[in-house]
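In: what shape does this take:
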Amino acid sequence: MDNFKDKAKAAEAAMRDVFPPTPLLRNDHLSGLYGADIWLKREDLSPVRSYKLRGAFNAMRKQDSGLFVCASAGNHAQGVAYMCRQFGVKGVIFMPVTTPAQKIQKTRMFGEDQIEIRLVGDYFDDCLAAAQAYCAEAGGHFLSPFDDDDVIEGQASVAVEIEAQLGRVPDQLVIPVGGGGLSSGVLSYFENQVQYTFVEPQGGACLRAALQARRPVALTHVDTFADGAAVAKIGQKTFDRLKGVGLANTLTIPEDRLCTSMLEMLNVEGIVLEPAGALSIDALKDMGQAIRGRTVVCITSGGNFDFERLPEVKERAQRYSGIKKYLIVRMPQRPGALKDFLGILGPEDDIARFEYLKKSARNFGSVLIGIETHSPDNFERLFQQMTALGFTYQDITEDEILAQFLI
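Out: Below you'll find the model as predicted:
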């Protein structure tokens with residue numbers, strides 16, 4: 001692997017002609033919270049707000065092609081677009097028709113007149129197939145987002161910078177995993193010098209699935225909330241480098257819990273992270289005493305967050321924390337019934353949603369009620385009082401089918 005280290009260092013040195021190193025910053029808030037020396041490698045502060053331009057840069061600088069093609073709905077597209085402009089080469093970027101307008105606009109902004117964006121297919125697989133077919137026909141070079149040796153080598157420049165900025169090798173690295181480009185690159189650079197924790201979203205744990213099957217396998221369902229790491233199947237080249245890490249060194253994070261860390265970093269530190277970018281920070285909650293007194297580097301892989309999603313993030317965080325619930329209440333259709341219900345709410349309880357579901361019932365009416373409070377314990381008191389007053393209710397907060405139609 002010494003040859004790999006030399007190549008990663010050469011890639012990192014070459015990048016300095018295009019963009020500066022991303023900061024490695026000690027975080028006092030997290031260090032105090034966990035009793036450790038915690039540093040954040042801020043890939044969310046790169047020119048495209050993710051590490052993806054590293055792999056794109058390294059792969060493109062090694063090719064003589066005048067045409068580069070990729071398929072992506074997010075950070076990879078923006079990294080390729082940025083590098084097409086830097087190198088003065090043409091790029092054709094395929095994106096699903098369902099890609100949010102904000103991501104399309106940012107990709108176009110980074111690439112300017114060097115790129116063409118083609119919207120194809122409702123799903124990424126259709127988009128990918130179209131991109132590969134076009135690339136073969138046009139004679140371009142296809143840029144994989146992760147399953148490419150040059151891309152892996154480029155992502156390893158993150159490790160080169162960490163070692164230089166910290167002045168030593170950290171005790172522990174916490175690394176988010178999607179297709180495996182970043183994690184396999186960092187692992188190949190540091191090898192066994194450091195302890196690793198690889199973190200995946202619960203709805204896209206393709207590394208864990210591959211480790212269990214001992215080969216890359218496609219997940220039957222992927223939750224796309226943490227879209228920067230929600231990959232159905234880890235790359236073969238990346239898994240070849242990661243296959244020995246062991247399940248004990250992996251963590252899966254519930255998407256709703258991830259939202260609590262996104263809000264914490266925004267409200268406490270003023271750091272804007274996309275869901276995948278917050279994975280390494282959220283993982284600290286599961287590491288607890290094991291990291292006390294140790295030097296830990298968390299890689300915050302991206303900050304491409306659309307603030308239109310903030311209400312959803314807040315909602316998911318509140319539901320995970322148990323301070324917001326949705327109930328269907330069978331309310332008597334008599335004068336004073338609503339007043340009785342409002343009378344049992346405590347000073348910390350707030351009605352966030354109120355909607356009659358049936359208005360024609362003679363004796364009872366079903367009401368959808370959303371309640372926010374300051375402590376999960378408040379709901380236990382509320383439910384006891386509702387039962388005592390004869391209010392029949394159903395908690396649908398975790399009922400995915402009902403919530404999908406009603407909330």
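
In: next, count neighbours for the residue nearest to Arg292 when sequence neighbours are not counted.
Out: Distances taken as C-beta to C-beta, 6 or more residues apart in numbering put Gly35 closest to Arg292, at 4.4 Å, once the chain neighbours are dropped. To be clear about C-beta, it is placed using only N, CA and C from the backbone, and glycine gets the same treatment. If you count neighbours by other C-beta atoms under 10 Å, Gly35 ends up with 13.

In: stretch 94-109 spans what distance, first to last residue?
Out: This stretch, stretch 94-109, spans 15 Å end to end (C-alpha to C-alpha, to the nearest Å).

In: report the distance from it to the chain centre.
Out: Centroid separation between stretch 94-109 and its chain, computed with C-alpha atoms, centre = their mean, to the nearest Å, is 18 Å.

In: re earlier: tell me the contacts of the residue nearest to Arg292?
Out: By C-beta atoms under 8 Å, 6 or more residues apart in numbering, Gly35 lies in contact with 291-293.

In: now list the buried members of the residues you listed.
Out: Buried by 16 or more other C-beta atoms under 10 Å: Ile291, out of those.

In: got the contact list for Val245?
Out: By C-beta under 8 Å, 6+ apart, the contact set of Val245 is 187, 196, 198, 211.

In: again, but for Leu182
Out: 51, 146, 155, 158, 175-176, 299, 301.

In: just the buried members of these?
Out: For the contacts of Leu182, buried by 16+ other C-beta under 10 Å: 51, 146, 155, 158, 175-176, 299, 301.

In: those residues in helices, which ones?
Out: Taking DSSP state H, the ones among these that sit in helices are 155, 158.

In: buried among the contacts of Val245? Make that a ChimeraX selection.
Out: Buried subset of the contacts of Val245, written as a ChimeraX selection, criterion 16+ other C-beta under 10 Å:
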select :187,196,198,211
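
In: including distance to Ala136, could the contacts of Val245 go into TSV?
Out: Output for these, formatted as TSV (distance: C-beta to C-beta, whole Å):
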residue	distance to Ala136
Leu187	32
Tyr196	37
Phe198	34
Leu211	33
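
In: in a markdown table: the contacts of Val245, plus secondary structure, distance to Asp282 and pLDDT.
Out: Below are the contacts of Val245 laid out as a markdown table (DSSP: H, G, I helix; E, B strand; the rest coil; distance: C-beta to C-beta, whole Å; pLDDT from 0 to 100):
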| residue | secondary structure | distance to Asp282 | pLDDT |
| --- | --- | --- | --- |
| Leu187 | helix | 21 | 98 |
| Tyr196 | strand | 16 | 98 |
| Phe198 | strand | 13 | 98 |
| Leu211 | helix | 21 | 98 |
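
In: out of the contacts of Val245, who's nearest Thr250?
Out: For those, the minimum distance to Thr250 (C-beta to C-beta) is 4.9 Å, reached by Phe198.

In: ok, that closest one to Pro176 distance?
Out: Note on Phe198: its distance to Pro176, by C-beta to C-beta, to the nearest Å, is 8 Å.

In: list residues touching both of these two?
Out: By C-beta under 8 Å, 6+ apart, the residues touching both Phe198 and Pro176 are Ser183.

In: list the buried residues of stretch 344-351.
Out: For stretch 344-351, a neighbour-count test (16+ other C-beta under 10 Å) marks 344, 349 as buried.

In: give me the residues contacting that stretch.
Out: Taking C-beta under 8 Å, 6+ apart as the rule, stretch 344-351 contacts 369-375, 378, 381-382, 385-386, 389.

In: which parts of the stretch 101-250 of the chain are strands?
Out: For the stretch 101-250 of the chain, the strands defined by DSSP state E, counting those that start in this stretch occupy 115-119, 141-142, 172-176, 195-201, 250-253.

In: dump those into a markdown table; add distance to Tyr320 as well.
Out: Formatted as a markdown table, these follow (distance: least, C-beta to C-beta, whole Å):
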| stretch | distance to Tyr320 |
| --- | --- |
| strand 115-119 | 34 |
| strand 141-142 | 39 |
| strand 172-176 | 19 |
| strand 195-201 | 14 |
| strand 250-253 | 11 |
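
In: now the helices: where do they sit in the stretch 301-407 of the chain?
Out: 310-321, 337-343, 377-388, 400-406 (DSSP state H, counting those that start in this stretch).
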